[in-house]
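> Show me the folded form of this:
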Amino acid sequence: MNRRRVALVGVTGYGGVHFKHLRALAEAGECKFAAAAVVNPEHPDAAGPLAWLRANGAAVYRTAEELFAAEKGRIDLVCLPVGIASHEPLVAAALAAGADVLVEKPAAGCTAAVDRMIDAERAAAPRRVFVGFQHVWAPETRQIMQILASGTLGAPLRIASTGIWPRGDAYYQRNSWAARLAAPDGTPVRDSPVNNAFAHYLNLCLLYAGASAGEFGAPAAPTAVEGALFRARPGIETFDTCLLRFGTDSGVPVDIAFSHAAERNAHPRIHVKCERGDVRWAHDGPWEVRAADGRVLASGTAAPPHAAMFRAVIAQSREGTAAQVGGIAPHGCSLSMARAQVLAVELLTETLPVRPLEHDAIRRDNCGQWIVPGIEEAFDRFFENGTSAIPEWK
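As a prediction, this is how the structure comes out:
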């Protein structure tokens, strides 16, 4: 059996998630975990991965550059769970080393960087780049897109998504670019709920807006944005709460409301309202497609999609199953697909000011959490009614 040879850059932080899934696939015989760059071997969380890598014959390097130089032409897939500012240079280096690439979301901090990566991908053909929007690999996502593209539900009227995941001091102290517009070297990152934790759900909304226009797998491009960006946490550069409406080139409005400034989780949800029915989806919960007469056309439970993503990327590596380089992979998220989410973040950053909320937010001392009063109710109203429900927090 010709097992795909896989390498990983980083094993701590979110790299630990990549390590866990690659280890499981390697132990199941579905790939060869051939090499890793362990950039901070002194970190307590690196001890376990390092021991496993050495015990299983994987080459261990201190930097990505050392890995690419030593393993050039010998690796089928490189996984890059690295900071946003490192995406472009490491993608280019991995492609030059002869590997396909799975890079974490978002694709980059600006569309110019995405476009340069697409150019690098074309130049490295048939090597390809996949973006770690794992929900795109989920079977229910493909099924929902197929139903929307078929016209069964008629024209979409509105797509909405909301989500609340509280984040305390540790989250904002995790690296040098958290909640910043740029990394210390000036590379755009535009870190915020929309470009990090909740980027997945904005990406899904844009995909559904594109599918509903009959373009299966091609997301709608945002063309305008209105709404509000709020900053409850002092000292951050971007925002921790937003209520937004995007206009799109498919004509479908996309409404999103996300926040890290609350006391309780309210997991992400998506509603696609159409002329003859609707789609409702919940993170790690139930989903259904229902016709206007009440018939359930499809339904299920959204399972965590990470394992499916890693398995699919490994299977596609070096097999030529993508439609075209820089285009739309039949199973997964290409750079071109991920570009719409980056464009949305670019647009809102350049269009809307951030409104500070320091005087209304409440600090919860035991975990450094900032809370916007009444946010859960405001988000519920927004989910059902759209931009008219934006509260006038001061």
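
> hang on, residue 300 in a strand?
Yes: with DSSP: H, G, I helix; E, B strand; the rest coil as the criterion, residue 300 is part of a strand.

> In stretch 46-58, which residues are buried?
46, 49, 50, 52, 53, 58 (16 or more other C-beta atoms under 10 Å). (Each C-beta comes from the backbone N, C-alpha and C, glycine too.)

> pLDDT on that stretch, on average?
Average pLDDT, stretch 46-58: 97.

> Pretty sure residue 242 sits in a strand.
Yes: the assignment for residue 242 is a strand, going by three-state DSSP.

> pretty sure it contacts residue 255?
No: using C-beta atoms under 8 Å, residue 242 is not in contact with residue 255; the gap is 10.8 Å.

> what's the overlap in contacts for those two?
Common neighbours of residue 242 and residue 255 are not found (criterion: C-beta atoms under 8 Å, 6 or more residues apart in numbering).

> rewinding a little: from the buried residues of stretch 46-58, which is closest to residue 357?
residue 46 (38.0 Å; C-beta to C-beta).

> distance of the nearest residue to residue 282 once chain neighbours are set aside from residue 96?
Using C-beta to C-beta, 6 or more residues apart in numbering and skipping the chain neighbours, the partner closest in space to residue 282 is residue 269 (4.9 Å). According to C-beta to C-beta, to the nearest Å, residue 269 and residue 96 sit 41 Å apart.

> Repeat that for residue 145.
If you go by C-beta to C-beta, the gap between residue 145 and residue 96 works out to 33 Å.

> So these two - more neighbours on which side?
Neighbours were tallied for residue 145 and for residue 96 using other C-beta atoms under 10 Å; the higher tally belongs to residue 145 (22 against 14).

> Break the protein down into its structural domains.
In terms of domains, the chain is parsed into 5-105, 137-302+335-389 (source: automatic domain parsing).

> I'd say residue 290 and residue 277 touch.
Yes: Residue 290 is within contact range of residue 277, at 5.4 Å (criterion: C-beta under 8 Å).

> The residue lying closest to residue 86 once chain neighbours are set aside - how many residues pack around it?
Nearest non-adjacent residue to residue 86, counting by C-beta to C-beta, 6+ apart: residue 80, 7.5 Å away. By other C-beta under 10 Å, the residues close to residue 80 number 25.

> again, but for residue 280
Quick note: residue 280 (other C-beta under 10 Å) scores 16 neighbours.

> Look up phi and psi at it.
Recorded main-chain torsions at residue 280 are phi -130, psi 130, according to degrees, to the nearest 10.

> Then residue 286?
phi -80, psi 150.

> quick one: contacts for it?
Counted by C-beta under 8 Å, 6+ apart, residue 286 has contacts 280, 299, 300, 301, 302.

> so which of the residues you listed would you say is closest to residue 356?
For the contacts of residue 286, the nearest to residue 356 is residue 280 (34.4 Å; C-beta to C-beta).

> wait, doesn't the closest one sit right on residue 273?
No: using C-beta under 8 Å, residue 280 is not in contact with residue 273, being 9.5 Å away.

> I figured residue 199 hits residue 106, correct?
Yes: counting by C-beta under 8 Å, residue 106 is a contact partner of residue 199 at 5.2 Å.
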